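Asks: would you be able to build a 3D model of this:
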Amino acid sequence: MFKSDYASLARPAILPDASNRTGLPAFASVNEVLSAYEGDDAIYVLYPKKIAAAARTFLHGFPGKVLYAVKANPHPAVLKTLWTAGIRHFDVASTREVELVNMIAPSARMYFMHPVKSRAAIRHAYAYGVRDFSFDCMEELHKLLAETGYADDLNLHVRLALPKGDAIMPLSGKFGAGREEAVELLKAARAHVSMLGMTFHVGSQCLNTAEYNRALAWSRSIIDEADVAVDSIDCGGGFPVAYPGMTPKPMGNYFASIREALREHGFDGIQILGEPGRALCAQGGSTLARVELRKGQDLYLNDGSYGSLFDAAQCAWKFPVKLHRSAPRPNGQSEAFRFFGPTCDSLDVMEGPFDLPADIEEGDWVEVCHLGAYGQALASRFNGFHSETTVAVMA
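Replies: Numbers count the residues shown, from 1 in each chain. A predicted model of the protein is given here:
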């Protein structure tokens, strides 16, 4: 994939820098990556320093335990970077995620917060030491109790369905118990668990900090109606990233809003959890896609919606882009472009528009930024187009 001397290109940048513990080929810049690369596929880039900085922001500011939502990006290098930065809790959703976290960070605490699990997955997770599970219906509660042998060390979290909010990507349609059912679940679970909690999700890319206050107020009203003691509140995810057209408030505003809402609704003194995924890794990853052909304002790339650009296609998100020239040329005026991916499927299109220099041409590389969350994790092998090349850029 890389020229035989790629290590020598990277060595001056990484030898003095002990923060590169990713196990990936490491470079000082994207230009060094492209100079060393001899492959034909897209290149996935991780920026470990950005991921570590995001982790520190949450560890120092969020008013509770920080659980990394592994689904956002399960790459071992991401998990290693977060562990090194101080993340000790992980939100897992499958047997494979349990095994992956256990392999990378054996002493980590895992929370199986997927509300619907197979019986085999419950048994497997419990055998790996997982004691925290979420559920949103009576059937799932019975399943959890049965498959753990009615263990007396379970920590169960009732997943609430929230009234519709204004997050960019609402998540209330698939999981969560309604008000009456949540009351019954709290009552039914209390006698069987070591710790009883509630969890919710305000929706992905939540741009309104007040959504967390509304969710906590809703939680409080249900707890009061159930009249049972609750030991923890999980504020879920939804913490946003700045994409073109989406400008969230500083993350500190979210933490302050949550902290104030916790006091307002009487949650002082109990365990507080949060499940950031996107906010920890999105800006710490990008995709380098080569221009294979230009047709007017259409650019045909070697990565697309079946690769890491799923959200750019299906959700029409306009990710930030940068041009890396195949040969030195000054950047001139920008124009709007549409992207096509490499597969034979006509659905493999990213409308954008994406602003790039007007004279972009075949052989140039487009860096699509903020794809560290979900982009790389969703990439498939459809039509034989996929990348197995991930590098670290220590910028």
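Asks: spatially central, which residue of the protein would that be?
Replies: For the chain, the residue nearest the mean C-alpha position is Ala72 (2.5 Å; Cα atoms, centre = their mean).
Asks: quick one: buried residues of the longest strand anywhere in the chain?
Replies: In the chain, taking DSSP state E as the definition, the longest strand is strand 285-295. By neighbour count on 16 or more other Cβ atoms under 10 Å, the buried set for strand 285-295 is 285-291. C-beta: built from backbone N, CA, C; applies to glycine.
Asks: direction included, what does it pair against?
Replies: strand 43-46 (antiparallel), strand 298-301 (antiparallel), strand 365-368 (antiparallel) (DSSP bridges).
Asks: deepest in the core, which of those strands is it.
Replies: strand 43-46 (a mean of 26; mean count of other Cβ atoms under 10 Å).
Asks: contacts for that one, please.
Replies: Strand 43-46 has contacts (Cβ atoms under 8 Å, 6 or more residues apart in numbering) with 22, 24, 30, 33-34, 37, 75, 77-78, 81, 284-288, 308, 367, 372, 376, 379, 387, 389-393.
Asks: now do 6 Å
Replies: Contact with strand 43-46 is made by 77, 285-288, 376, 387, 389-393, as judged by Cβ atoms under 6 Å, 6 or more residues apart in numbering.
Asks: of all the residues you listed, which comes closest to Ala313?
Replies: Thr287 (13.1 Å; Cβ to Cβ).
Asks: my read: the closest one touches Ser308, true?
Replies: Yes - taking Cβ atoms under 6 Å as the definition, Thr287 is a contact partner of Ser308 at 4.6 Å.
Asks: need the overlap of contacts for the two.
Replies: Leu371.
Asks: where does pLDDT dip in this protein?
Replies: 3-20, 167, 169-171 (pLDDT under 70).
Asks: can you do 50?
Replies: Where the chain drops to pLDDT under 50, the residues are 5-19.
Asks: just to be sure, Tyr126 is in a helix?
Replies: Yes - assessed by DSSP: H, G, I helix; E, B strand; the rest coil, Tyr126 belongs to a helix.
Asks: residue contacts, it?
Replies: By Cβ under 6 Å, 6+ apart, the residues touching Tyr126 are Thr148.
Asks: from Phe340, how far off is it?
Replies: Here the criterion is Cβ to Cβ, to the nearest Å. By it, Tyr126 lies 46 Å from Phe340.
Asks: and if you look at Gly173?
Replies: For Gly173, the distance to Phe340 - Cβ to Cβ - is 31 Å.
Asks: cool, Asn213 as well?
Replies: Counting by Cβ to Cβ, the gap from Asn213 to Phe340 is 43 Å.
Asks: can you check Pro48 too?
Replies: From Pro48 to Phe340 the distance is 31 Å (Cβ to Cβ).
Asks: how about Ile272?
Replies: 45 Å.
Asks: buried ones in stretch 218-233?
Replies: Neighbour count says stretch 218-233 has 218-220, 222-223, 226, 230, 232-233 buried, by 16+ other Cβ under 10 Å.
Asks: residues making contact with that stretch?
Replies: 179, 182-183, 186-187, 190, 195-198, 265, 267, 270-272.
Asks: show me which of those is closest to Thr95.
Replies: Distances from Thr95 to those, taken by Cβ to Cβ, are shortest for Gly197, at 22.4 Å.
Asks: direction included, what does the helix or strand containing the closest one pair against?
Replies: Per DSSP states H and E, Gly197 falls inside strand 195-199. Using DSSP bridges, the strands paired with strand 195-199 are strand 155-159 (parallel), strand 232-234 (parallel).
Asks: distance to Gly64 for those strands - can I get that in a markdown table?
Replies: Formatted as a markdown table, these follow (distance: least, Cβ to Cβ, whole Å):
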| stretch | distance to Gly64 |
| --- | --- |
| strand 155-159 | 13 |
| strand 232-234 | 8 |
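Asks: and of the ones you listed, who's closest to Leu67?
Replies: Here strand 232-234 is closest among the strands paired with strand 195-199 (Cβ to Cβ), at 7.9 Å.
Asks: okay, now Gly252: neighbour count?
Replies: The number of residues packed near Gly252 is 11, by other Cβ atoms under 10 Å.
Asks: you'd agree it is in a helix?
Replies: Yes - with three-state DSSP as the criterion, Gly252 is located in a helix.
Asks: following whatever helix or strand Ala121 lives in in sequence, what is the next regular element?
Replies: According to DSSP H and E, Ala121 maps onto helix 119-127. For helix 119-127, the following helix or strand on the C-terminal side (DSSP H and E) is strand 132-135.
Asks: which other helices and strands contact that following strand?
Replies: Strand 132-135 sits against strand 155-159, with contacts defined as 3 or more Cβ pairs under 6 Å, 6 or more residues apart in numbering; DSSP states H and E.
Asks: could you rerun that using 10 Å?
Replies: Strand 132-135 sits against strand 89-92, strand 109-112, helix 119-127, helix 138-147, strand 155-159, strand 195-199, strand 232-234, with contacts defined as 3 or more Cβ pairs under 10 Å, 6 or more residues apart in numbering; DSSP states H and E.
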